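Participant: what follows is a predicted protein model with its sequence.
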Amino acid sequence: LGLENDIRKALAHHQFFLVYQLQQALTSGEFTGAEALLRWHHPVHGIVSPGQFIPMLEENGLIIEVGEWVIESVCRQLAIWQRAGVTVAMGVNLSAKQFEQDNLAERIMEIASHHGIDPGALELEITENMAMRNPKAALRALQQLRSAGFRLAMDDFGTGQASYEYLLRFPINTIKIDRMFITSVAENRRNRAVIRSITSLALGLGLLTIAEGVETERQHDYLDALDVDEVQGFLISQPVDADHCFSLLQKKA
Ligand code: G
Ligand code: G
Ligand code: MN
Ligand code: NA
């Protein structure tokens, strides 16, 4: 209850910040992008997990404002890196609630354009369940964003309730294979069968695949054999602050 009260002041009190987790092309080892992850530094309780506070923001409607703050902050960061000669694609998580805002696509376009960010540098991440919750509004916004050149990713893929129909209907570029299938990829050939079916589907549909939550070399090797395109997880990097992310990107460049 205390947290629910406190989060109303978090934006004004500059308690939100972003960390960035790198994504790496599996074969070349090149860093292809990063995912922006929201964090809340509570003055008393320290870092509160987004699993805990995102539902609060959705409940009290602040996710709209905070969601715009995330996109604004990401674009400002990308512009700084761009001026320093580093271009990188950035994944941004969207919440289902944000699709209730009927000008979501326009707002994202305005913010990106204001910062001189190429739409192709932003990959908006949605989950299957989000797409299901308000399919009409979601589809309209996603089509607008896609035609404006933004990239779209299906996050936590394989754990939601979406059907194949959604893969055909939603104009996505990337499938992010949920960590659940990656964790036991080395031990469980049933998990490998699922991942294989996702990568062949992605190949047939012309989509990129990213494996989430990659923690070990052994998982990495199995994912290589399963023809996953990119990897993200603690093996490659923890989510880190902007300066740290920038230095990792520069090292690889
Ligand atoms: O960073 P972490 O793995 O703890 O994230 C937990 C959950 O919070 C994930 O489901 C992630 O997608 C979500 N999340 C992280 N940052 C954001 C954000 O900026 N917006 C939204 N809507 N969700 C986020
Ligand atoms: O739902 P989404 O995929 O956006 O959530 C990303 C979450 O996964 C973040 O909270 C991030 O901290 C977490 N994460 C990223 N890499 C790893 C990993 O290698 N292992 C585990 N257990 N969690 C990870
Ligand atoms: Mn995500
Ligand atoms: Na995910």
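Facilitator: Noted; the coordinates are in hand. All values reported here derive from a predicted model rather than from experimental measurement. Residues are numbered from 1 along each chain as shown. Ligands and ions are numbered 1, 2, ... in the order given.
Participant: going by C-alpha atoms from here, please, whenever you check contacts or count neighbours.
Facilitator: Noted.
Participant: quick check: Q238 is in a helix.
Facilitator: No - going by DSSP: H, G, I helix; E, B strand; the rest coil, the assignment for Q238 is coil, not a helix.
Participant: change the start of the numbering to 54 and stick with it
Facilitator: Yes, from this point I'll number from 54; that puts the last item at Q291.
Participant: who's in contact with it?
Facilitator: Contact analysis of Q291 by Cα atoms under 8 Å, 6 or more residues apart in numbering lists 74-75.
Participant: give me the pLDDT value at it.
Facilitator: Predicted confidence (pLDDT) for Q291: 98.
Participant: separation between it and ligand 4?
Facilitator: Q291 is 14 Å from ligand 4, where distance means Cα to the ion, to the nearest Å.
Participant: same question, V293
Facilitator: Taking Cα to the ion, one finds V293 at 17 Å from ligand 4.
Participant: I figured that residue hits A87, correct?
Facilitator: No - under the criterion of Cα atoms under 8 Å, V293 is not in contact with A87, lying 10.2 Å apart.
Participant: between these two, what contacts are shared?
Facilitator: Common contacts of V293 and A87 (Cα under 8 Å, 6+ apart): 73-74.
Participant: return the residues of this protein in contact with ligand 2.
Facilitator: Counting by Cα under 6 Å from any ligand atom, the chain comes close to ligand 2 at 208-209, 266-268, 286-287.
Participant: cutoff 8 Å now
Facilitator: Residues of the chain lying near ligand 2 by Cα under 8 Å from any ligand atom: 74, 88, 90, 102-104, 146, 178, 208-209, 229, 231-232, 265-268, 285-288, 290-292.
Participant: for the chain, what spans make up the helices?
Facilitator: Applying DSSP state H to the chain gives helices spanning 55-63, 103-113, 116-136, 157-167, 181-186, 188-200, 217-222, 232-236, 242-258, 270-278, 295-305.
Participant: what's the angle from the longest one to helix 295-305?
Facilitator: In other words, helix 116-136. Using axes from the mean of the first three to the mean of the last three Cα atoms, to 10 degrees, the direction of helix 116-136 lies 40 degrees away from that of helix 295-305.
Participant: average pLDDT for helix 116-136?
Facilitator: The average pLDDT for helix 116-136 rounds to 97.
Participant: okay, buried residues for it please.
Facilitator: Of the residues in helix 116-136, 116-117, 119-129, 131-132, 134 count as buried by neighbour count, 16 or more other Cα atoms under 10 Å.
Participant: now the closest residue to ligand 2 within the stretch 54-203 of the chain, which residues is it bridged with?
Facilitator: Ligand 2 sits closest to N146 of the stretch 54-203 of the chain, with a gap of 6.1 Å, by Cα to the nearest ligand atom. Note on N146: beta-bridge partners E178, judged by DSSP bridges.
Participant: so who does it touch?
Facilitator: Residues in contact with N146 (Cα under 8 Å, 6+ apart) are 89-90, 177-179.
Participant: please pick the buried ones from the residues you listed.
Facilitator: For the contacts of N146, buried by 16+ other Cα under 10 Å: 89-90, 177-179.
Participant: CA atoms only: put stretch 179-196 into PDB for me.
Facilitator: Taking C-alpha atoms only, stretch 179-196 is exported to PDB below (Å, rounded to 0.1, in the frame of the first residue of the first chain):
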ATOM      1  CA  ILE A 179       4.600  -6.400 -27.100                       C
ATOM      2  CA  THR A 180       3.500  -9.700 -25.600                       C
ATOM      3  CA  GLU A 181       1.000 -12.100 -27.100                       C
ATOM      4  CA  ASN A 182      -1.500 -11.500 -24.200                       C
ATOM      5  CA  MET A 183      -1.300  -7.700 -24.800                       C
ATOM      6  CA  ALA A 184      -2.200  -8.200 -28.400                       C
ATOM      7  CA  MET A 185      -5.100 -10.400 -27.300                       C
ATOM      8  CA  ARG A 186      -6.500  -8.000 -24.800                       C
ATOM      9  CA  ASN A 187      -7.400  -5.200 -27.100                       C
ATOM     10  CA  PRO A 188      -6.700  -6.700 -30.600                       C
ATOM     11  CA  LYS A 189      -8.400  -4.000 -32.600                       C
ATOM     12  CA  ALA A 190      -6.700  -1.100 -31.000                       C
ATOM     13  CA  ALA A 191      -3.400  -2.900 -30.800                       C
ATOM     14  CA  LEU A 192      -3.500  -3.900 -34.500                       C
ATOM     15  CA  ARG A 193      -4.300  -0.400 -35.600                       C
ATOM     16  CA  ALA A 194      -1.500   1.200 -33.500                       C
ATOM     17  CA  LEU A 195       1.000  -1.500 -34.600                       C
ATOM     18  CA  GLN A 196       0.200  -1.100 -38.200                       C
END
